[in-house]
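Participant: Need coordinates for the following:
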Amino acid sequence: MPDELSPCIQLRALVAKRLPEYNRALSAVRRELDAYAWQVHSAVAPRGIGLLLAQTANDFIDVLDDISMVRGRPAMRGLRSIFESLITMLEIASDGSEVLDRYTDQYAIDCYQAATMNAGLTGLNGDDLRSERHRRRKQQCIHKQARDKALAKTEWQSRKAWPESSLKDRAARHGYNADYDLYRVLSSLVHVTAGGARGIERQYNDQLAYRLGPDLQNCPMVFNESLRFFRLFAEALSTYMDISAERLIRALSALEALRSDYRKLISVLMLDCGLMNFPQ
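Facilitator: Below you'll find the predicted structure:
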């Protein structure tokens, strides 16, 4: 591999070479996911379902791409989002339109807030700055009425976020207490707590060393759990919409069948690339 290539590009090439079945299975999942999304759309899904499916599917594909490049840390952040999507879908499936309406209302609130912030204007000037400010004013006009309507609802008077309870409580309500523990571990990366540096610190005698580069050792875990969470999400959505996810589930199962081979490959790559398997 040329030295100028990033470690992730080099690792992706190694994964493709040593486990070509992964890329083929990933392509099949992409095709079936596109077909499934169109099936949901054709069934005249509520807008909130379309929003939730789009976010979850994009997060899932990002995670699978990160896994192919052995980018463990961003993959773990994506896994965290997929778990939140699963719990949201279970809430909608169990409580129906009221939860779905609150979820959808949040879209206008967040879009209006994004249009009113100054982030992203740094470095712009002249026509570029005027153009971006004009675009944001248009976005404010587009979302203001829906945002005001949402905030006028009784349940929004004392809250500015759509869930009625914490994610921990919602996860427990649907039997995902143990998985919430995983969510807390994943959150350490998102919130940049010291625990988010697990696996990249090691002590050599009296010296501490910190490794820079892709996190290989967490990839097998993310591979397993992202497939499990997304399968559960698709099953819950399909039950709610009364549609079939059989072909998508079949494609996911083909990818799941590679879990053991992927884990073995990661162990080999950690040795080949000279990356230290630091203790957790």
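
Participant: elements contacting the longest helix anywhere in the chain?
Facilitator: Longest helix in the chain by number of residues, with DSSP state H as the criterion: helix 126-152. Using 3 or more Cβ pairs under 8 Å, 6 or more residues apart in numbering; DSSP states H and E as the contact criterion, the neighbours of helix 126-152 among helices and strands are helix 97-116. (C-beta placed from N, C-alpha, C; glycine too.)

Participant: Which of the residues in the one helix or strand residue 187 maps to are classified as buried?
Facilitator: Here residue 187 is covered by helix 177-190, with elements defined by DSSP states H and E. Within helix 177-190, the residues that count as buried by 16 or more other Cβ atoms under 10 Å are 179-180, 182-183, 185-189.

Participant: Pick the one among the residues you listed closest to residue 127.
Facilitator: Lowest distance from residue 127 to the buried residues of helix 177-190 (Cβ to Cβ) belongs to residue 189, with 39.2 Å.

Participant: who's in contact with the closest residue to that closest one other than its chain neighbours?
Facilitator: Leaving out its chain neighbours, the residue that sits closest to residue 189 by Cβ to Cβ, 6 or more residues apart in numbering is residue 196, at 4.2 Å. Residues in contact with residue 196, defined by Cβ atoms under 8 Å, 6 or more residues apart in numbering, are 188-190.

Participant: what do you get for residue 144?
Facilitator: Contacts of residue 144 were listed using Cβ under 8 Å, 6+ apart, and they are residue 112.

Participant: still on that earlier bit, I'd like to know how far the residue nearest to residue 189 sits from residue 260.
Facilitator: Distance check for residue 196 against residue 260: by Cβ to Cβ, to the nearest Å, it reads 28 Å.

Participant: tell me the strands in this structure, going along the chain?
Facilitator: With DSSP state E as the definition, the chain shows strands at residue ranges 201-204, 207-210.

Participant: hey, C-alpha coordinates of the first one in PDB?
Facilitator: Backbone C-alpha positions of strand 201-204 (Å, rounded to 0.1, in the frame of the first residue of the first chain) are rendered in PDB as follows:
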ATOM      1  CA  GLU A 201      -4.000   4.400  26.400                       C
ATOM      2  CA  ARG A 202      -1.300   2.000  27.600                       C
ATOM      3  CA  GLN A 203       1.400   2.200  30.300                       C
ATOM      4  CA  TYR A 204       4.900   1.200  29.400                       C
END
